[in-house]
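# Return atomic coordinates for the entry below.
(2 chains)
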Amino acid sequence: MREVLELLSYPFVMRALTAGALISVCASVLGVILVLKHYALIGHGLSEIGFASLSISAALGLPVMLVSTPAIIIASFVIMFVSQKYKTSGDIAIAVASSFALALGVIAGRGANVSAYLFGSVLAVSQEDVIFAAVLSVIVLASFVVFYNRLFLITYNEDYARSLGINTLFYQFTISVLTALVVVLGMRIMGTLLISGVIILPALTAKNIASCFRSLVIVSGAVSFIAFTAGLALSFVFNLPAGAVIVMTNTAILIIVKVSVKK
Amino acid sequence: MNRLRLNNAVIKYGEIIAVNGVSLCADAGEMIFITGANGSGKSTLMKGIAGLLPLTSGTLERTQRMSYVPQIEEADRNFPARVSEIVITGTQRPGKFFYTHDDKQQAQNAMNELGIMELAGREINALSGGQMRRVFLARALCGQPELLLLDEPCAGLDADSHKILFRVLRRVLSGGCAVVMVTHDISDVDGMPEAKIITLSDGVILNA
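Purely as a prediction, here's the structure:
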């Protein structure tokens, strides 16, 4: 315990803790919609596309965020569109795109040091990342407060929402962009291969506990926060990669809840 | 007053023509039954009227205050939601983000009318098919529609629920709402002798 408290005095740890906790909560809250709408694979697809864009930007010497952010936003919209339009083949499209993107990333990034992005690094978190994470959190949480009723309706039954004249494409686009931004920011800490776990696992855990959409969002956010802080602390104590331990913690919580809660 | 005017509507799925040159008109207080065999294009036509499927050709004019009750099979029963949460979504409109006191009152009235008030706090995964149909109908009613589209609302309903449904339909019709209802069970028509009946076959109206 003393070791953990001592670590908090290091600025890089505080940056990782602040940015990571904010991103985890955002990821888990968005994850609720992705899980309920059966878009669970999207986070995985986006993170691997993110890795490809990172590798290409590193190889070409371009600013990583400048290339990755628009690339992932465009990819998120394309994936969501394909998933919705072709229903069952959407998962196949994501699998194909993510495999191709990962392979492209490995080839494009062979001369550059991109391995840190595969599994994440707490050392990679800059002061700008903390600011971006804080702004993103405010946008995500404010969107959930203002558009809660709309998100509930669209998540439950998009067709019905459309029949009422509601522009569902706008909300779908907003969710896509916010998910893409979470992936861009989260892959620095958690890693491109692990960020999708942070998006999906807390929502799956919460589904075993929550009885309504509102409590699902709150429980998912809380589970994600606990898993992130516990995972980060354990990674420091046992000197293990943070992203991997955070995902393992999320998985352990999911299994414990699944076994102990009969719903 | 005209609530719905569909003129020469064609709806295609790729190369397959599901609805072929259908025209229909519904005035305030008018009820139309659409019947036909499975695959005759009834549900496709309803989705076209509801704006969920684009018309390949033809024109559609209808009131903006429309409520659509889909088939029960389209409901996600594993969604974490309570009955009252689902019902009140019927009051949502573009540009309106929060529920008012009136919206909550409308939802309560609709649940009372459909006899599901005691289910208000129940999770939807604990409902029977018949109860879920009533929830969907209550959701449609609390939007105070001028045009009500019902896709197979009677399938699997017990006698009491059937009676409640037709009592509600008579009430909304007398209030000036037009109702278009898809059914494959011709005996449903007996409850509304004054209604217009349209029979579809291969996407074409056989009678009008």
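
# Skipping adjacent residues, who's closest to A:F119 in space?
Of all residues not flanking A:F119 in the chain, A:G191 sits nearest, at 4.1 Å (Cβ to Cβ, 6 or more residues apart in numbering or on different chains). Any C-beta I mention is one placed from the backbone N, CA and C, and that applies to glycine too.

# any idea which helix or strand carries the one you found?
In the assignment (DSSP states H and E), A:G191 maps to no helix and no strand.

# A:A227 and chain B, how far apart?
Per Cβ to the nearest Cβ, to the nearest Å, A:A227 is found 20 Å from chain B.

# and chain A, which of its residues are near chain B?
Within chain A, the residues that sit near chain B (Cβ under 8 Å from any Cβ of the partner chain) are A:36, A:146-147, A:149-150, A:152-153, A:155-157, A:159-167, A:207, A:210-213, A:215-216.

# Quick one, which of these are buried?
Using 16 or more other Cβ atoms under 10 Å in any protein chain shown as the burial test, the residues of chain A next to chain B include A:36, A:147, A:149-150, A:152-153, A:155-157, A:159-164, A:166, A:207, A:210-213, A:216 as buried.

# Of these, which belong to helices?
When helices are assigned by DSSP state H, the members of these inside them are A:36, A:149-150, A:152-153, A:155-156, A:159-163, A:207, A:213, A:216.

# shaky segments in the chain?
Going with chain A. Residues of chain A meeting the criterion pLDDT under 70: A:1, A:86-90, A:111, A:262-263.

# look at chain B instead
By pLDDT under 70, the weakly predicted segments of chain B are B:1, B:73, B:208.

# Run through the residues of it sitting next to chain A.
Neighbours of chain A within chain B, by Cβ under 8 Å from any Cβ: B:50-52, B:64, B:66-68, B:70, B:74-76, B:79-82, B:85-86, B:89, B:92-94, B:97-99, B:123, B:139, B:143.

# hmm, try it at 7 Å
Within reach of chain A by Cβ under 7 Å from any Cβ of the partner chain, chain B has these residues: B:50-52, B:64, B:66, B:68, B:70, B:76, B:79-82, B:85, B:89, B:92-94, B:97-99, B:123.

# Only the buried subset of those, as a ChimeraX command please.
In ChimeraX, this line selects whichever of those come out buried by 16+ other Cβ under 10 Å:
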select /B:50,51,52,66,68,70,79,80,81,82,85,89,92,123
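
# I'd like to know which of the residues of chain B next to chain A are part of helices.
Short answer: the residues of chain B next to chain A in helices (DSSP H) are B:50, B:85.

# Show the residue spans covered by the strands in chain B.
Taking DSSP state E as the criterion, chain B carries its strands at B:2-13, B:16-27, B:31-36, B:57-62, B:66-69, B:147-151, B:178-182, B:196-201, B:204-205.

# got those as JSON lines, with distance to A:V82 columns?
Listed next are those as JSON lines, based on distance: least, Cβ to Cβ, whole Å:
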{"stretch": "strand B:2-13", "distance to A:V82": "18"}
{"stretch": "strand B:16-27", "distance to A:V82": "22"}
{"stretch": "strand B:31-36", "distance to A:V82": "33"}
{"stretch": "strand B:57-62", "distance to A:V82": "27"}
{"stretch": "strand B:66-69", "distance to A:V82": "26"}
{"stretch": "strand B:147-151", "distance to A:V82": "28"}
{"stretch": "strand B:178-182", "distance to A:V82": "31"}
{"stretch": "strand B:196-201", "distance to A:V82": "33"}
{"stretch": "strand B:204-205", "distance to A:V82": "34"}
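
# Quick check: the most centrally placed residue in chain B vs chain A, distance?
Central residue of chain B (Cα atoms, centre = their mean): B:L150, 2.3 Å from the mean position. According to Cβ to the nearest Cβ, B:L150 stands 12 Å off from chain A.

# Now do the contacts for that residue.
Residues in contact with B:L150 (Cβ atoms under 7 Å, 6 or more residues apart in numbering or on different chains) are B:69, B:179, B:181-182.

# hmm, try it at 8 Å
When contacts are counted by Cβ atoms under 8 Å, 6 or more residues apart in numbering or on different chains, B:L150 is found next to B:69, B:137, B:140, B:179-182.

# between those, which is nearest A:A19?
Checking these against A:A19 with Cβ to Cβ, the nearest one is B:A140 at 45.5 Å.

# quick one: that closest one from B:M66, how far?
Distance of B:A140 to B:M66, given as Cβ to Cβ, to the nearest Å: 9 Å.

# what's the overlap in contacts for the two?
Common neighbours of B:A140 and B:M66 (criterion: Cβ under 8 Å, 6+ apart): B:L148.

# Please tell me I have it right and B:A75 contacts B:M132.
Yes: counting by Cβ atoms under 8 Å, B:A75 touches B:M132, with 5.8 Å between them.

# Next, show the common contact partners of those two.
By Cβ under 8 Å, 6+ apart, the residues touching both B:A75 and B:M132 are B:I124.

# returning to what we had before: from B:L137, how far off is the residue nearest to the centre of chain B?
Taking Cβ to Cβ as the measure, B:L150 falls 8 Å from B:L137.

# what sits in contact with each of these two?
Residues touching both B:L150 and B:L137 by Cβ under 8 Å, 6+ apart: B:V69.

# Please name the residues that touch B:G143.
By Cβ under 8 Å, 6+ apart, the residues touching B:G143 are A:164, B:65, B:67, B:90-93, B:106.
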